[in-house]
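please work out how this folds:
(one chain, ligands or ions: 1)
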Amino acid sequence: MRNKIVAGNWKMNKTLKEGIELANEVNNLVSKSNNKSVVVILGTPFIYLAEVNKIIDPKFISIAVQNCASEPEGAYTGEISVEMIQSTGAKYVIIGHSERRAYFGEEEQILNKKVNLALAENLIPIFCCGERLEEREKGIHFDIVKNQLDKALFDLEESEFRKIAIAYEPVWAIGTGVNATPDQAQEMHRFIRNLIVERYENETAESISILYGGSCKPSNSNELFANPDVDGGLIGGASLKADDFFAIINSLTG
Ligand code: PGA
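Numbers count the residues shown, from 1 in each chain. Next comes the predicted model:
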């Protein structure tokens, strides 16, 4: 049975006080809920990580960071290493988000380094992939996603690969209000799982959680998560409101 996961990605939002309030609200809702079968993750900004970590119940909620450095340590002003992240209590790291790719020039080679560093530090990468609108319109979306996975992930040893989670996030759906249809999501998730079967054992492919991200909200999470290959979501905007985020978590359990 693979993990069912709902991960919030706060991006560059909230002050420290607001972030603590949000984490507190989510923590209260999740810890009182009867259904504890979903892995709930909060993707906080780096500088709130240690504070948020103090208030969440680690039995029910884990923390992700939204990025990590591609070098292990040293003179890289402003960067945050995987070891530093590990030392503050995060368990997950989002790697290869399309905003990192688009605005910070992160490409597969760098992402591959980050994935390897994270795994070596026992952080779980949530690796993001997904095509842009023009790529889908040209009909090359499968090639794009295959190339992203080939270059950034598929050199991992099977035992390492089994530790990661993947998030399919079509760029045209992120923050736009236009989500992929449940069929489009299922089609790509199945495609990704089939690629894993080609590269690794069937059992490995079946054990990897593949999350959907892109305008996922309480009104559509039910039908997106009903697909057999959609194992949860990476949630941006809707993770900034505790009630919405909790509703999305519940739609996965329900
Ligand atoms: P969104 O963002 O839910 O606001 O579309 C998702 C993401 O970027 O992870």
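
which residues of the stretch 51-200 of the chain lie near the ligand?
Proximity of the stretch 51-200 of the chain to the ligand, by C-beta under 6 Å from any ligand atom, involves residues 169, 174-175. Just so you know, the C-beta spots here come from the backbone N, C-alpha and C atoms, and that holds for glycine as well.

can you say which of those residues are buried?
Among these, those classed as buried by neighbour count (16 or more other C-beta atoms under 10 Å) are 169, 174.

nearest to residue 36 among the residues of the stretch 51-200 of the chain next to the ligand?
Nearest to residue 36 among these, counting by C-beta to C-beta, is residue 169 at 26.2 Å.

go ahead and confirm that closest one touches residue 210.
No - the criterion here is C-beta atoms under 8 Å, and residue 169 misses it with residue 210 at 11.0 Å.

quick one, phi psi at the closest residue to the ligand within the chain?
Nearest residue of the chain to the ligand, counting by C-beta to the nearest ligand atom: residue 236, 2.3 Å away. The phi/psi pair for residue 236 (degrees, to the nearest 10) reads phi -90, psi -100.

and if you look at residue 168?
Dihedral angles for residue 168 - degrees, to the nearest 10 - are phi -90, psi 120.

now swap in residue 128 and tell me
According to degrees, to the nearest 10, residue 128 has phi -100, psi 140.

how about the contacts made by it?
94-98, 166-169, 213, 234 (C-beta atoms under 8 Å, 6 or more residues apart in numbering).

now with 10 Å, please.
Each residue near residue 128 by C-beta atoms under 10 Å, 6 or more residues apart in numbering is listed here: 9, 94-101, 111, 148, 152, 165-169, 171, 174, 211, 213, 234.

just for this protein, where's the confidence low?
For the chain, the stretches with pLDDT under 70 are 254.

what about the helices in it?
Assigned by DSSP state H, the chain shows helices spanning 16-32, 49-55, 82-88, 98-104, 108-120, 133-137, 141-152, 158-161, 182-199, 202-207, 218-225, 242-253.

columns mean neighbour count on top of these, output as JSON lines?
Output for these, formatted as JSON lines (neighbours: other C-beta atoms under 10 Å):
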{"stretch": "helix 16-32", "mean neighbour count": "17"}
{"stretch": "helix 49-55", "mean neighbour count": "17"}
{"stretch": "helix 82-88", "mean neighbour count": "18"}
{"stretch": "helix 98-104", "mean neighbour count": "16"}
{"stretch": "helix 108-120", "mean neighbour count": "20"}
{"stretch": "helix 133-137", "mean neighbour count": "15"}
{"stretch": "helix 141-152", "mean neighbour count": "18"}
{"stretch": "helix 158-161", "mean neighbour count": "14"}
{"stretch": "helix 182-199", "mean neighbour count": "17"}
{"stretch": "helix 202-207", "mean neighbour count": "14"}
{"stretch": "helix 218-225", "mean neighbour count": "20"}
{"stretch": "helix 242-253", "mean neighbour count": "20"}
